[in-house]
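Starting from these lines, generate the structure:
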Amino acid sequence: MKLPQKEVECKIQTSPPSAQEADAPERPEENADILIKNLLLAFRKLWVQVKLLASFVMVDLGGYQLLDRLIQWSVRNPHKAICILAAFLAFLLPFLLMLGIGLSTLLMTLTGFLILEGVILTIIAMLLIGCLGTLILVVLFLKQLNRT
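Residues are numbered from 1 along each chain as shown. Below you'll find the predicted structure:
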């Protein structure tokens, strides 16, 4: 289950720049496009490396055989397997709780900030509309007084 060599060697084929392109300054949009293109290429290369590593571990180092032996042992010893699984989950539970509390705190903080900011902006907008409305009414009232 090896990956083909073409997928590992992600080469970019670019044409050499012409004389006009060399003299012309680059626009910011081109720089952003080049940056995004390079980032996507880097992530693709990273994904290919992760797939190669997983393939190496599972095929060459015997990961599939280890999983198969583990499943066979679990079928032969179900009580021990359940106890080991329960111990693993009990060991993992505090870490999952801390991760959940941290993520929920982060989510509530960001959401609370957005709600608070929205409330403040709404109050300010209402005050601004009230002041402008009052100013318009005063101007109309004064114009009406000047006509009489």
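
Which helix in this structure has the most residues?
Under DSSP state H, the helix in the chain containing the largest number of residues is helix 78-147.

May I have stretch 132-140 exported as CSV, CA atoms only?
Coordinates of each C-alpha in stretch 132-140 appear next as CSV, following Å, rounded to 0.1, in the frame of the first residue of the first chain:
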residue,chain,number,x,y,z
LEU,A,132,-31.1,63.2,15.2
GLY,A,133,-34.8,62.8,15.2
THR,A,134,-35.2,65.4,17.9
LEU,A,135,-32.9,67.7,16.0
ILE,A,136,-35.0,67.3,12.8
LEU,A,137,-38.2,67.9,14.8
VAL,A,138,-36.7,71.1,16.3
VAL,A,139,-35.6,72.3,12.9
LEU,A,140,-39.1,71.7,11.5
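
for it, the distance to its chain's centre please.
48 Å (C-alpha atoms, centre = their mean, to the nearest Å).

again with stretch 108-115
18 Å.

ok, now stretch 134-142?
Counting by C-alpha atoms, centre = their mean, stretch 134-142 is centred 51 Å from the centre of its parent chain.

List the buried residues in that stretch.
By neighbour count with 16 or more other C-beta atoms under 10 Å, stretch 134-142 contains no buried residues. For the C-beta atoms, the positions are set from N, CA and C on the backbone; glycine is no exception.

before we move on, what about stretch 50-60?
Buried residues in stretch 50-60 (16+ other C-beta under 10 Å): none.

got the CA positions of it in CSV?
What follows is stretch 50-60, C-alpha atoms only, in CSV (Å, rounded to 0.1, in the frame of the first residue of the first chain):
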residue,chain,number,x,y,z
VAL,A,50,1.1,12.4,6.8
LYS,A,51,-0.3,9.8,4.5
LEU,A,52,3.2,8.4,3.8
LEU,A,53,3.9,8.2,7.5
ALA,A,54,0.5,6.5,8.2
SER,A,55,1.2,4.0,5.4
PHE,A,56,4.7,3.3,6.7
VAL,A,57,3.5,2.7,10.2
MET,A,58,0.5,0.5,9.2
VAL,A,59,2.2,-1.5,6.5
ASP,A,60,5.9,-1.6,7.1
